[in-house]
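Enquirer: coords please:
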Amino acid sequence: MEAMGEPLAAVDLPDPSPEPTEVIVAVDACGICGSDLHAAVHLPLDGTVLGHEFCGTVAATGRDATTFTPGSPVVGLSLVTCGVCEACRAGRIRKCAQASMVGFERPGAFAEFIALPESSLLALPAPLDYRHGALVEPLAVARRAVQRSAAAPGSTVVVLGAGPVGLAVTLWLAHLGAEQIVVSDPIAARREAATLAGATATVDPTQGDTAGAVAEACGGAPQHVIECVGVPGLLDEAIAVAGVDAIVSVAGVCMEPETVTPILAMVKELDLRFSFFYTRDDMVATIDEMAAGRLDPVGLVTGEVDLDGLPAKFASLLAPAAASPADAKVLVRPRQDSNLRPSA
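Expert: Residues are numbered from 1 along each chain as shown. Okay, here's the model as predicted:
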């Protein structure tokens, strides 16, 4: 992006060269994330190449990079870290003091090629294709959010929002064995997508009393609420929807001031938790579950666009009136001749 608040631009840049421990990845697919949309409006990222949910094929390696060979299918972590501190050794890579985010603090994957340390890559096993690969990072984020929510098999959980984050959270909740998963979203197409992802019921929050509708769908006030939208007002709604002694978890990225009514949370004695990024284990587990056929997220992909078409698509996603109501995860395909195991 050329300047904060300005449209994205497709430009020619020099191809990256690998440092000794780096790998050059030819990008096969990169998802457009809600964080990209928020950042384009709120952060000064002049000249930044966005994109952090990606997979690709190793094109070249530095002289000291020995883990992967050219032609290897890989998934990229969205964080580059030191790899040696206590947080890194524990897999809690977001806690590394030297962590830098791909697509924000270093060049991202809305590009044909990206350079990363080999430690920031994971193998993408057969039979997974580029769609699975580009969904690993957002699914890992969702897995972390579900863990932070303390939902367990048999739980009743309310998910606010059926965008990409909410749908990924719903997939994991269904995989976990939650007994009831009630998803609230004002857009009918997204409520339908939530049902396909595993929701047992859906609610339209524009139709009267959301808390009452949720309680009716759940058979009582829920003990777990996960906010997956990230716009002002949703945290207060999550508090209103939650039952007494419930856990309210925030997975939606809100970059604007938020107003809540603390007394309601106090009366209910709610626990409020926030989830941010993922652990390395979340990435590995996501790949393993997909490769074993136990988690199928491909239905989240609702469109593909090349680099030339990216600016217009990005602008439409920023403007709700212009976006398709069915849009969930849109993938950028920088190289249309890419053949990373496309599905039949």
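Enquirer: Tell me how far residue 58 lies from residue 129.
Expert: 16 Å (CB to CB, to the nearest Å). C-betas here are computed from N, CA, C, even on glycine.
Enquirer: and residue 151, what pLDDT?
Expert: If you check residue 151, the pLDDT there is 97.
Enquirer: quick one: residue 183 from residue 99, how far?
Expert: 32 Å.
Enquirer: Please apply the same query to residue 313.
Expert: Counting by CB to CB - residue 313 and residue 99 are separated by 29 Å.
Enquirer: Those two: who's more crowded?
Expert: Legend: neighbour count by other CB atoms under 10 Å for residue 313 and residue 99, higher for residue 313 (21 against 18).
Enquirer: wouldn't the more buried one be in contact with residue 10 here?
Expert: No: the pair residue 313 / residue 10 is not scored as a contact, 11.5 Å apart, by CB atoms under 8 Å.
Enquirer: so what sits against both of these two?
Expert: Residues touching both residue 313 and residue 10 (CB atoms under 8 Å, 6 or more residues apart in numbering): there are none.
Enquirer: residue ranges with poor pLDDT in this protein?
Expert: Scanning the chain with the threshold set as pLDDT under 70 gives 1-5, 320-325, 336-344.
Enquirer: what's near enough to touch residue 125?
Expert: 73, 287, 291.
Enquirer: And the helices in this protein?
Expert: All helices of the chain, identified by DSSP state H, fall at 34-42, 86-89, 130-149, 164-176, 188-197, 210-218, 234-241, 262-268, 280-291, 310-318.
Enquirer: what's the closest of these to residue 108?
Expert: Evaluated with CB to CB, the helices of the chain place helix 34-42 nearest to residue 108, the distance being 8.5 Å.
Enquirer: Please export the C-alpha coordinates of the closest one as PDB.
Expert: C-alpha atoms of helix 34-42 as PDB (Å, rounded to 0.1, in the frame of the first residue of the first chain):
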ATOM      1  CA  GLY A  34      -9.500  -8.600   8.200                       C
ATOM      2  CA  SER A  35      -6.300  -7.300   9.900                       C
ATOM      3  CA  ASP A  36      -5.100  -6.200   6.400                       C
ATOM      4  CA  LEU A  37      -8.300  -4.200   6.000                       C
ATOM      5  CA  HIS A  38      -8.100  -2.600   9.400                       C
ATOM      6  CA  ALA A  39      -4.400  -1.800   8.900                       C
ATOM      7  CA  ALA A  40      -4.900  -0.200   5.600                       C
ATOM      8  CA  VAL A  41      -7.200   2.400   7.300                       C
ATOM      9  CA  HIS A  42      -5.600   2.800  10.700                       C
END
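Enquirer: which residues sit against it?
Expert: Contacts of helix 34-42 (CB under 8 Å, 6+ apart): 1, 4-5, 8, 45, 50-52, 103-104, 163-165, 230, 252-253, 255-256, 314, 317-318.
Enquirer: are any of those residues buried, and which?
Expert: Neighbour counting by 16 or more other CB atoms under 10 Å classes 1, 8, 45, 50-52, 103-104, 163-165, 230, 252-253, 314, 317-318 among those as buried.
Enquirer: And this structure, split by domain according to the record?
Expert: 22-138+278-332, 141-274 (automatic domain parsing).
Enquirer: any idea how far residue 160 lies from residue 203?
Expert: On the measure of CB to CB, residue 160 and residue 203 end up 9 Å apart.
Enquirer: tell me, what's touching the two both at once?
Expert: Residues touching both residue 160 and residue 203 by CB under 8 Å, 6+ apart: residue 184.
Enquirer: Tell me how far the most centrally placed residue in the chain lies from residue 155.
Expert: Central residue of the chain (CA atoms, centre = their mean): residue 138, 2.7 Å from the mean position. Separation of residue 138 from residue 155 (CB to CB) stands at 22 Å.
Enquirer: Repeat that for residue 204.
Expert: Residue 204 is 23 Å from residue 155, by CB to CB.
Enquirer: and if you look at residue 209?
Expert: Distance, residue 209 to residue 155, using CB to CB: 23 Å.
Enquirer: check contacts around residue 140.
Expert: Contacts of residue 140 by CB under 8 Å, 6+ apart are 278, 282, 283, 285, 286.
Enquirer: ok, which pair from the residues you listed is furthest apart?
Expert: For the contacts of residue 140, the farthest-apart pair by CB to CB is 278 and 285; their separation is 9.7 Å.
Enquirer: who has more neighbours, those two?
Expert: Comparing residue 278 with residue 285 by neighbour count (other CB under 10 Å), the higher total belongs to residue 278, at 28 against 16.
Enquirer: Skipping adjacent residues, who's closest to that one in space?
Expert: Computed as CB to CB, 6 or more residues apart in numbering, the closest residue to residue 278 that is not its neighbour in sequence is residue 140, at 3.9 Å.
Enquirer: what's the answer for residue 64, then?
Expert: Ranked by CB to CB, 6+ apart and with sequence neighbours excluded, the top spatial neighbour of residue 64 is residue 20, at 4.1 Å.
Enquirer: I figured that neighbour was touching residue 63, is that so?
Expert: Yes: if you go by CB under 8 Å, residue 20 and residue 63 touch, sitting 5.2 Å apart.
Enquirer: Is it correct that residue 160 is in contact with residue 230?
Expert: No: using CB under 8 Å, residue 160 makes no contact with residue 230, being 10.1 Å away.
Enquirer: which residues do the two both contact?
Expert: Taking CB under 8 Å, 6+ apart as the contact rule, residue 160 and residue 230 both touch residue 252.
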